[in-house]
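# sequence-free structure coming up:
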């Protein structure tokens, strides 16, 4: 956690071994920890050149950007991961990042792509319902929750998103029925 102190040491190590992804990633973390977003971005671009296929490293970087609420950078890293591995997991991560950045319309596209790749991928269904809700498309959110529950019938998370939509629409009777249904399912566990 002593980013300022680590910077000169890491910069010297990068001079000695400029294509070592471990050193570059550590320097990236030091720059991010110091609030040097531009320098962190430069290191990220170098990492893409020297270690394009190290998805785990990019997952860690994405997480760090999200935690520090640097959404533009998190989106870039998530886009890179989704391009390198266009599977449901990474498309969902990109969609979730866009959703957190307040871009529900763009997020919807990613969640729908994730579900084309893997139609019973529960996290994408959960986030897709939430994205429609955040985009103000409440009827579409409800319809999507029904679709998602057909593919993932035991999902409490989809039911939770559905409940949020019912409550926003002030559909109290439907909300109570859904709450009873969730309680019944939880009691059976």
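Cool, got the structure. Every value quoted in this text rests on a predicted model; they were computed, and no experiment measured them. Numbers count the residues shown, from 1 in each chain.

# dump the residue contacts of residue 147.
residue 125 (CB atoms under 8 Å, 6 or more residues apart in numbering). All C-beta spots, glycine's among them, are computed from the backbone N, C-alpha and C.

# Can you read off the pLDDT for it?
At residue 147, the model reports a pLDDT of 97.

# and it, what element?
helix 138-151 (DSSP states H and E).

# again with residue 108
Assessed by DSSP H and E, residue 108 sits inside helix 104-117.

# If I take the helix holding residue 147 and helix 104-117, what angle do their directions form?
Using axes from the mean of the first three to the mean of the last three CA atoms, to 10 degrees, the inter-axis angle of helix 138-151 relative to helix 104-117 is 20 degrees.

# Now do the buried residues in helix 138-151.
138, 140-142, 144-145, 147-149, 151 (16 or more other CB atoms under 10 Å).

# And the average pLDDT for the helix or strand following it is what?
Sequence order places helix 156-168 as the next helix or strand after helix 138-151, per DSSP H and E. Helix 156-168 carries an average pLDDT of 92.

# Determine the set of other helices and strands touching whichever helix or strand comes after helix 156-168.
Reading on from helix 156-168 to the C-terminus, the next helix or strand found by DSSP H and E is helix 172-188. When contacts are defined as 3 or more CB pairs under 8 Å, 6 or more residues apart in numbering; DSSP states H and E, helix 172-188 sits against helix 156-168.

# Please state the offset of the helix it packs on from the chain centre?
Offset of helix 156-168 from its chain centre (CA atoms, centre = their mean, to the nearest Å): 20 Å.

# For that helix, give me every contacting residue.
Applying CB under 8 Å, 6+ apart, the external contacts of helix 156-168 come out as 122-123, 125-126, 129-130, 133, 138, 141-142, 145, 148-149, 152, 172, 174-175, 178-179, 181-182, 185-186.

# Buried among those residues? Need that as a selection in ChimeraX.
A single ChimeraX command suffices to select whichever of those are buried according to 16+ other CB under 10 Å:
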select :122,123,125,126,129,130,133,138,141,142,145,148,149,152,174,175,178
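
# Give me the below-cutoff pLDDT ranges for the chain.
Within the chain, the ranges that satisfy pLDDT under 70 run 189.

# Pretty sure residue 88 sits against residue 125.
No: Residue 88 is beyond contact range of residue 125, at 10.6 Å (criterion: CB atoms under 8 Å).
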